[in-house]
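1. any chance you can model this:
(one chain, ligands or ions: 1)
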Amino acid sequence: MSQVVQSRRIRAIDLAKRKAAGVKIIALTAYHAHTAGILDPHCDFILVGDSLGMVMHGMESTLPVTLEMMIVQAQAVIRGTTRALIVVDMPFGSYEASREQAFLNAARVLKETGAGAIKMEGGAHFAETVAFLVQRGIPVMGHIGLTPQSVNTMGGFKVQGRDTEGEHRLMADAKAINDAGAFAIVMEGIVEPVARAIATSPDITTPTIGIGATTACDGQILVLEDMLGLSDRAPKFVKRFGSLRAHIEGAVEAYAEEVRAGRFPADEHTYQPV
Ligand code: KIV
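-> Presented below is the predicted three-dimensional model:
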């Protein structure tokens, strides 16, 4: 498998080159400087996702996440990285009211964080907003299918594209966001044949990034804490590539035991006068 060598920070437009070269786009989420630094050499882009509301803050959904929360975590991720493109999620309520609201808040995110792009959830009805931002210098990643910010109107975190109407709507969403100039489209929680039809459609020229979609996408993304095995629950589409929860539990148990037994701190962890 070929690899693309990159010395400067990856830009939004570089993802199209990965697609053209048939090189899979690698992405994960991160919210902290230290984890982002670990991902940086391996990922084409790192998403500061609004999933941080659920993963970091224990919220029931992503709806309470604010622009300020996104900006603080994006600043941390930028500090921890030098190579990957950093994409920041626009949280619920920060872009839906009008294209002007979307522009002002997206511009604030780019100005205050130094990130290279933003991501917005939504299909055909947001295409006009996507075009408005792109024409004004803001690289936009789209996000269609299971869009967690619509949990209340979807009636839960539901897999999309199970019927013909849904299938047609998803294809129309992908085409509209593609034609509006999005530099990539995340496709989340879409039944495989429908996701494959979108990812391989000649009408969809922008790179597609799958999460619970299809291997036919140009790249894949997962929430870091899910794939590391840190979250206690994760959706079906997550493969646990690690078991961090068990490692942390083991380390914390060992620490507690050594403190109770008076074995920690040992001589090598204490300061002597000279
Ligand atoms: O917020 C997030 O982490 C996301 C990914 C699931 C794509 O949007």
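2. state whether L244 and D232 are indeed in contact, as I suppose.
-> No. The pair L244 / D232 is not scored as a contact, 11.6 Å apart, by C-beta atoms under 8 Å. For the C-beta atoms, the positions are set from N, CA and C on the backbone; glycine is no exception.
3. what is the burial count for Y31?
-> When neighbours are counted by other C-beta atoms under 10 Å, Y31 registers 25.
4. neighbours of the closest residue to the ligand within the stretch 51-200 of the chain, how many?
-> Ranked by C-beta to the nearest ligand atom, the top residue of the stretch 51-200 of the chain for proximity to the ligand is S51, at 3.2 Å. By other C-beta under 10 Å, 21 other residues sit near S51.
5. backbone phi and psi for I25, please?
-> Backbone torsions for I25, taken as degrees, to the nearest 10, come to phi -90, psi 130.
6. quick check: residues of this protein near the ligand?
-> T29, L47, G49, D50, S51, D89, H143, V186, E188, I211, I221, V223 (C-beta under 6 Å from any ligand atom).
7. ok, now which ones touch the fifth one?
-> Right, S51. Contact analysis of S51 by C-beta atoms under 8 Å, 6 or more residues apart in numbering lists T29, T62, D89, P148, V223.
8. before we move on, what about the last one?
-> Under the criterion of C-beta under 8 Å, 6+ apart, the contact partners of V223 comprise L28, T29, G49, S51, V55, S231, A234, V238.
9. and the helices in the stretch 51-200 of the chain, which stretches?
-> Counting by DSSP state H, counting those that start in this stretch, residue ranges of the helices within the stretch 51-200 of the chain are 52-55, 67-79, 99-113, 127-135, 151-154, 164-179, 192-199.
10. redo these as a markdown table? Include mean pLDDT.
-> Compiled in a markdown table, those are given as follows (pLDDT from 0 to 100):
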| stretch | mean pLDDT |
| --- | --- |
| helix 52-55 | 97 |
| helix 67-79 | 98 |
| helix 99-113 | 98 |
| helix 127-135 | 98 |
| helix 151-154 | 94 |
| helix 164-179 | 98 |
| helix 192-199 | 98 |
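11. the ones you listed into TSV, with extra columns for distance to R263?
-> Shown next, in TSV, are the helices of the stretch 51-200 of the chain (distance: least, C-beta to C-beta, whole Å):
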stretch	distance to R263
helix 52-55	34
helix 67-79	35
helix 99-113	44
helix 127-135	57
helix 151-154	48
helix 164-179	58
helix 192-199	53
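12. mind checking those for the one nearest to R9?
-> Smallest distance to R9 across the helices of the stretch 51-200 of the chain (C-beta to C-beta): 9.6 Å, for helix 67-79.
13. what about G123, neighbour count?
-> Neighbours of G123 (other C-beta under 10 Å): 21.
14. pretty sure it contacts H168?
-> No. Contact criterion C-beta under 8 Å: G123 and H168 do not qualify, at 11.5 Å.
15. which single residue of the protein ends up nearest the ligand?
-> Closest to the ligand within the chain is G49: 2.3 Å, counting by C-beta to the nearest ligand atom.
16. residue contacts, that residue?
-> T29, Y31, D89, K119, V223.
17. from those residues, which is closest to T206?
-> Distance to T206, by C-beta to C-beta, is smallest for K119 among the contacts of G49, at 13.0 Å.
18. circling back to that earlier point, got a winner among the contacts of V223 for most neighbours?
-> Going by other C-beta under 10 Å, G49 tops these with 29 neighbours.
19. how close does that one sit to I144?
-> Computed with C-beta to C-beta, to the nearest Å, the distance linking G49 and I144 is 15 Å.
20. on that earlier part again, okay, L244 and D232: which has more neighbours?
-> Each of L244 and D232 has its neighbours counted (other C-beta under 10 Å); L244 has more, 16 against 6.
21. now do the contacts for the more buried one.
-> Going by C-beta under 8 Å, 6+ apart, L244 touches E225, L228, G229, L230.
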